[in-house]
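Visitor: Just a sequence and a predicted model for now, questions to come.
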Amino acid sequence: MKKKIIAQLLSFILVFSLSACSAQASEEEETAGDTADSGASVVYMTADISPEGLMAVYEAMGVELTGDNIAVKLSTGEPPASNYLDPDLIRDLVEHVNGTIVECNTAYGGSRSETAMHYQVAEDHGFTDLGKGFVIMDEDDSMIIPVEGGQRLSENYVGAHFGDFDGFLVLSHFKGHAMAGFGGAIKNISIGIGSQEGKCLIHTAGSSHTSPWGGDQDAFLESMADAGKSVVDYLDGNILFVNVMNRLSIDCDCDGNPAEPDIHDIGILASTDPVALDQACLDLIYQAEGNESFVRRVEGQHGAHVLEAGEEIGLGSRTYQLENIDG
């Protein structure tokens with residue numbers, strides 16, 4: 001109980017600081033206040049990183065996914081010691097939406113680059129007995145969906161079983177990333193839903209179907225935004241986003257031996273807008289004590305550019321209202 005109270009107090013401090021910064025920014029930018037007044041994207045937050053907290057922040061969105069087949073997209077985590085989401089944390093929510101856990105194979109090698117090995121990793125990490133089971137969406141290759149209004153891509157190669165699902169609940173462990181700077185909701189619906197071929201195309205801005213290496217950094221980030229928008233457009237908005245801000249390493253869950261976090265756990269955030277959600281998480285990182293290594297990772301990879309690109313093409317808005325549901 002004492003730890004929970006401390007976590008809530010830290011959350012209130014972070015949210016107050018973030019709100020103050022947002023208010024100052026709105027005074028400096030003439031259109032920011034108008035955007036907020038006319039209905040900025042709402043991001044809900046709790047400091048309670050527990051099954052109950054996860055359910056509460058999901059329910060705060062006030063929206064339910066529709067359809068009989070709901071996918072729950074997450075990272076299964078690279079062995080032996082990556083920071084993937086705890087199955088016990090997400091179990092109740094997965095059952096609530098009657099979801100199927102889904103993932104795609106990696107394009108860089110490792111234990112999740114081949115379907116059989118990846119299924120074994122998912123079982124070892126506890127994801128195969130949640131909800132309606134577990135599916136690797138690109139085990140039967142790719143499905144191509146259009147990108148409307150993208151900066152770099154005109155089509156996106158997602159896992160072939162992507163089209164089997166009516167809606168998506170996107171559960172992301174927010175963290176740093178060696179190539180993208182940080183990983184959250186946008187990375188999870190772009191690189192994460194891309195088939196192996198699709199991952200290569202995103203990394204190289206459409207130049208290579210077979211290799212993820214050697215692409216221009218900003219073009220890669222813009223391609224992530226393009227791919228994410230294609231997924232949201234295809235689902236016609238039947239997609240919800242939750243970011244869990246714990247184990248805040250500078251390294252991704254694709255790293256089997258990530259660096260230990262320098263930042264204390266912050267909470268769980270949720271939104272219908274992936275750009276607003278990732279922006280809020282990144283802003284909280286910038287407000288957090290011990291953030292130096294995380295900030296260096298983000299800025300070294302120009303990570304915030306994916307948010308700029310996402311806003312520019314209409315994936316979402318960087319202007320948001322942060323609502324703390326802890327009372």
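Guide: Thanks, I have the structure now. Remember, predicted model here, so these are calculated numbers, not experimental data.
Visitor: For the chain, which residues score under the pLDDT cut-off?
Guide: 1-39 (pLDDT under 70).
Visitor: which residue is nearest the centroid of it?
Guide: The chain has residue 185 as the residue nearest its centroid, 1.9 Å off, counting by CA atoms, centre = their mean.
Visitor: so that residue touches residue 240, yeah?
Guide: No. Checked against CB atoms under 8 Å, the pair residue 185 and residue 240 is beyond contact range at 9.8 Å. C-beta here means a position set from N, CA and C on the backbone, and glycine is covered the same way.
Visitor: Quick check: neighbours shared by the two?
Guide: Shared contacts of residue 185 and residue 240 (CB atoms under 8 Å, 6 or more residues apart in numbering): residue 170.
Visitor: that older thread, could you give the backbone dihedrals for the residue nearest to the centre of the chain?
Guide: Geometry field for residue 185 lists phi and psi as phi -70, psi -40, criterion degrees, to the nearest 10.
Visitor: mind listing the strands for this protein?
Guide: Per DSSP state E, the chain has strands spanning 41-46, 70-73, 99-103, 134-136, 142-146, 155-159, 167-173, 175-177, 181-183, 239-245, 267-271, 320-324. These are given in chain order.
Visitor: Which secondary structure elements does the fourth one sit against?
Guide: Contact analysis of strand 134-136 by 3 or more CB pairs under 8 Å, 6 or more residues apart in numbering; DSSP states H and E lists strand 99-103, helix 115-124 as its packing neighbours.
Visitor: closest to residue 280 out of the ones you listed?
Guide: Judged by CB to CB, the one of the helices and strands packed on strand 134-136 that comes nearest to residue 280 is strand 99-103, at 23.9 Å.
Visitor: quick one: strands adjacent to that closest one?
Guide: Taking DSSP bridges as the criterion, strand 99-103 forms sheet pairs with strand 70-73 (parallel), strand 134-136 (parallel).
Visitor: tell me which residues in that strand are buried?
Guide: The neighbour-count criterion (16 or more other CB atoms under 10 Å) identifies 99, 100, 101, 102, 103 as the buried residues of strand 99-103.
Visitor: Kindly report the same for stretch 319-327.
Guide: Within stretch 319-327, the residues scored as buried using 16+ other CB under 10 Å are 319, 320, 321, 322, 323, 324, 325, 326.
Visitor: Next: stretch 307-315.
Guide: 307, 308, 309, 310, 311, 313, 315.
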